[in-house]
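Visitor: sequence and computational prediction follow.
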Amino acid sequence: MLDYINKIKEISERLLKDCSVEMVIGFRQGTLPMMNEPCFARTPEDVGQFVWDSNCGINLANYLTDRKERIGIIAKGCDTRNIATHIIENKISREQLVVIGVPCKGMIDKHKIATLFADEIQNVTENGEKLLVTAGGKETPLKKSDVLQKNCAVCTHRNPVFYDELVAEKVAEQQDVDRYADVREIEAMAPQEKWDYFESLLSPCIRCYACKNACPLCYCPTCFVDEAKPQWVGKGQDPADVRTFHFLRAFHCAGRCTDCGACERACPVGINMRVFTKKLEKDCFEQFGWEAGMSLDERPPLDTYRPDDPNDFIK
Amino acid sequence: MNLMEHMGIESDRIHFSWISSAEATKFVKVVKEVTEKVKALGPQQHFKKNDAKVA
């Protein structure tokens, strides 16, 4: 990891020194373990704060929306796909960006690690595949592959899809992963069973909207949940309103979601709302052969018409 | 539609059709079909909000 960090610092410093960018967006150590936070370096001195480890799950593409200056951005595979989506949707231009690509080996799931320990986690250090978790004064070794974020475990685009600088050699992409096993599991259920599954999934939701705030796709100036005239969806804890929020948010991400896992990571009560977005991601892949953000030139399936678009559902 | 079904709304409740204003017979056929299917399922229990209780 240290070579990653040094390289990130070196590239960022160079870009800021020769004024080719006005700021570099990266990560710095958070105040809590496993919570790295975004860091905006505007001077060469600021880059000293940059870190890189397995807690950089926040999607930094989120901070590019409608920016006017030239920006350097540290980007994992999924981040670059979201940056591509931003460029396609005219939220930023390619010319403004210097993409510093980071080949990624997956981020660790802080919710999962927290459930493994009764005590509060005080520190997590990592050395390659090995993690050392300090909780309640005791150190426990863990294997990184056992505690990967669910979306990282089935990720097939770990390397940046496009970049201007690369901090390390590309990593091998995962082969033979079953990306949609969890979706199929739900698809096999009976309607009532499905309903109950989602009902219990969403029951802890407190409508804090951390998921939509962490999501790089959710950049509307006023979200439909915040509008009052007309009020599209109730603002309380009624299960129908909670469901409507998650359901519509998923639809707004159809054909755009890269399954980066930022929503699930941000959730304070640990809801896996990816089961909504992932179903649409699967449908897009199966019906249109589309994976979001893989190219800057191709229009997404929902704004193009092809004579062979599937339309069997129209009677 | 797939997502509606995915989260537990019975597929027979959701219908899509393309009917021209000149296709009265098709319209009648589709409406009959939809009502039949929905009646067979019975009243919708999910995804509806009960009126707030007023004292």
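Guide: That came through, no problem. Please read all numbers here as calculations on a predicted model, not as lab measurements.

Visitor: and the helices in chain A, which stretches?
Guide: Under the criterion DSSP state H, chain A carries helices at the ranges A:2-17, A:77-88, A:110-116, A:150-153, A:181-187, A:191-202, A:210-214, A:239-252, A:262-266, A:274-288.

Visitor: if you average pLDDT over the second one, what comes out?
Guide: Averaging the model's pLDDT scores along helix A:77-88 yields 95.

Visitor: can you list the helices of chain A in JSON lines and add mean neighbour count and distance to A:Asp312?
Guide: (C-beta placed from N, C-alpha, C; glycine too.) As requested, those are exported to JSON lines (neighbours: other Cβ atoms under 10 Å in any protein chain shown; distance: least, Cβ to Cβ, whole Å):
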{"stretch": "helix A:2-17", "mean neighbour count": "17", "distance to A:Asp312": "48"}
{"stretch": "helix A:77-88", "mean neighbour count": "25", "distance to A:Asp312": "28"}
{"stretch": "helix A:110-116", "mean neighbour count": "16", "distance to A:Asp312": "39"}
{"stretch": "helix A:150-153", "mean neighbour count": "21", "distance to A:Asp312": "30"}
{"stretch": "helix A:181-187", "mean neighbour count": "14", "distance to A:Asp312": "17"}
{"stretch": "helix A:191-202", "mean neighbour count": "16", "distance to A:Asp312": "20"}
{"stretch": "helix A:210-214", "mean neighbour count": "19", "distance to A:Asp312": "32"}
{"stretch": "helix A:239-252", "mean neighbour count": "19", "distance to A:Asp312": "20"}
{"stretch": "helix A:262-266", "mean neighbour count": "25", "distance to A:Asp312": "31"}
{"stretch": "helix A:274-288", "mean neighbour count": "20", "distance to A:Asp312": "10"}
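
Visitor: nearest to chain B, of the ones you listed?
Guide: Between chain B and those, the shortest gap by Cβ to the nearest Cβ is with helix A:191-202, which sits at 2.9 Å.

Visitor: roughly how far apart are A:Lys7 and A:Leu166?
Guide: When Cβ to Cβ, to the nearest Å is the yardstick, A:Lys7 and A:Leu166 sit 9 Å from each other.

Visitor: quick check: phi and psi on the residue of chain B found nearest chain A?
Guide: Nearest residue of chain B to chain A (Cβ to the nearest Cβ) works out as B:Gly8 at 2.9 Å. B:Gly8 adopts backbone torsions of phi 110, psi 10, taken as degrees, to the nearest 10.

Visitor: so what's A:Tyr4 closest to, chain neighbours aside?
Guide: Beyond its immediate neighbours in the sequence, the residue positioned closest to A:Tyr4 (Cβ to Cβ, 6 or more residues apart in numbering or on different chains) is A:Trp52, lying 4.5 Å away.

Visitor: burial of that neighbour, as a residue count?
Guide: Burial of A:Trp52 is recorded as 24 neighbouring residues (other Cβ atoms under 10 Å in any protein chain shown).

Visitor: same thing with A:Gln96?
Guide: Neighbouring residues of A:Gln96 were enumerated by other Cβ under 10 Å; the total is 16.

Visitor: which residues sit in contact with the closest residue to it other than its chain neighbours?
Guide: The spatial neighbour of A:Gln96 that comes closest, neighbours along the chain excluded (Cβ to Cβ, 6+ apart), is A:Arg70 at 5.2 Å. Counting by Cβ atoms under 8 Å, 6 or more residues apart in numbering or on different chains, A:Arg70 makes contact with A:20-22, A:96-98.

Visitor: what about 6 Å?
Guide: Shown here is A:Arg70, whose contacts under the criterion Cβ atoms under 6 Å, 6 or more residues apart in numbering or on different chains are A:21-22, A:96.

Visitor: now swap in B:Glu5 and tell me
Guide: By Cβ under 6 Å, 6+ apart, the contact set of B:Glu5 is B:Ser11.

Visitor: what comes up buried for the lengthiest helix in chain B?
Guide: Counting residues, the longest helix in chain B under DSSP H turns out to be helix B:24-41. Across helix B:24-41, burial judged by 16 or more other Cβ atoms under 10 Å in any protein chain shown covers B:30, B:34, B:38.

Visitor: phi, psi of the residue nearest to the last one when sequence neighbours are not counted?
Guide: When the adjacent residues along the chain are set aside, B:Val38 lies closest to B:Arg13, with 5.9 Å between them (Cβ to Cβ, 6+ apart). With angles defined as degrees, to the nearest 10, B:Arg13 shows backbone torsions of phi -90, psi -20.

Visitor: ditto for A:Cys215
Guide: When quoted as degrees, to the nearest 10, the phi and psi of A:Cys215 stand at phi -80, psi 130.
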